[in-house]
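S.K.: Sharing a model that was predicted from the sequence below.
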Amino acid sequence: MKRTILLPVVSTLILATYQYSPAASSKGNDEAEIKALEQRIVDGAKARDVDAIMKNYVDDDSLLVFDVIPPRQYVGAKALSRNWQGFLDGFDGTITLENSDMEVVSDGKLAYAHYIAHVAGKGKDGKPIDMAFRLTDVLRKVKGKWLIVHEHVSVPVDVATGKADLTSKP
């Protein structure tokens, strides 16, 4: 009698483990792929290669980005590409860009990543640039490849002064 009960229980456990392990593996792969995508953006920025950066975004007018750089909203890949070019052109010399505290959540079709980006360098005016931003990227898997479909960049605001706090740490 015990054997009759034990066999279905063990079989069920084995099937359940098999059924859920590919999903866990897929989610781990999604996280690695999305973190690699975010690193490609960092690498593209350091190289001042807007084309390399833009390969990580959908390439049509469905892209929507809220940024801290006016006009604060960019619709479409062409608008974002111009924004990136303007941002990179504001630096003289080496650009330092690092992402930290990144978390990625994915269901296999849609995902989001949120993190802190720190950028530093020297501006065209010779003054140092040292800023921290909060970013949230929403990604969609398109033809097997993760692409950013929405990005939101923000900075905390000092409520007492009403000014952006570009150097705060979490």
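M.R.: Done, it's in.

S.K.: Report the mean per-residue pLDDT for the longest strand along the chain.
M.R.: Taking DSSP state E as the assignment, the strand of the chain that covers the most residues is strand 128-142. Across strand 128-142, the average pLDDT comes to 97.

S.K.: Give the pairing partners of that strand; include direction for each.
M.R.: Take DSSP bridges as the rule and strand 128-142 pairs in its sheet with strand 110-122 (antiparallel), strand 145-154 (antiparallel).

S.K.: separation between the residue nearest to Lys124 when sequence neighbours are not counted and Ala79?
M.R.: Using CB to CB, 6 or more residues apart in numbering and skipping residues adjacent in sequence, the residue nearest Lys124 is Asp92, 5.1 Å away. In this view, the C-beta of every residue, glycine as well, is placed from N, C-alpha and C. As judged by CB to CB, to the nearest Å, Asp92 and Ala79 stand 25 Å apart.

S.K.: next one: Gly44
M.R.: 17 Å.

S.K.: who has more neighbours, those two?
M.R.: The residue with more neighbours, out of Gly44 and Ala79, is Gly44; 20 against 16, by other CB atoms under 10 Å.

S.K.: my guess is that one contacts Tyr57, does it?
M.R.: No: Gly44 is beyond contact range of Tyr57, at 11.0 Å (criterion: CB atoms under 8 Å).

S.K.: need the helices for this structure, in chain order.
M.R.: Remark: helices assigned in the chain by DSSP state H are 2-46, 50-54, 77-89.

S.K.: Centre of the chain to the second one, how far?
M.R.: The chain centre lies 14 Å from the centre of helix 50-54; the measure is CA atoms, centre = their mean, to the nearest Å.

S.K.: Give the other helices and strands that that helix contacts.
M.R.: helix 2-46, helix 77-89 (3 or more CB pairs under 8 Å, 6 or more residues apart in numbering; DSSP states H and E).

S.K.: What of the last one?
M.R.: The elements that helix 77-89 packs onto, with contact taken as 3+ CB pairs under 8 Å, 6+ apart, are helix 50-54, strand 64-66.

S.K.: mind putting those in a markdown table, distance to Pro128 included?
M.R.: Listed next are those as a markdown table, based on distance: least, CB to CB, whole Å:
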| stretch | distance to Pro128 |
| --- | --- |
| helix 50-54 | 23 |
| strand 64-66 | 26 |
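
S.K.: Need these in JSON lines (columns: mean neighbour count, mean pLDDT and distance to Ala120).
M.R.: What follows is the helices and strands packed on helix 77-89, written out as JSON lines (neighbours: other CB atoms under 10 Å; pLDDT from 0 to 100; distance: least, CB to CB, whole Å):
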{"stretch": "helix 50-54", "mean neighbour count": "17", "mean pLDDT": "98", "distance to Ala120": "18"}
{"stretch": "strand 64-66", "mean neighbour count": "18", "mean pLDDT": "98", "distance to Ala120": "22"}
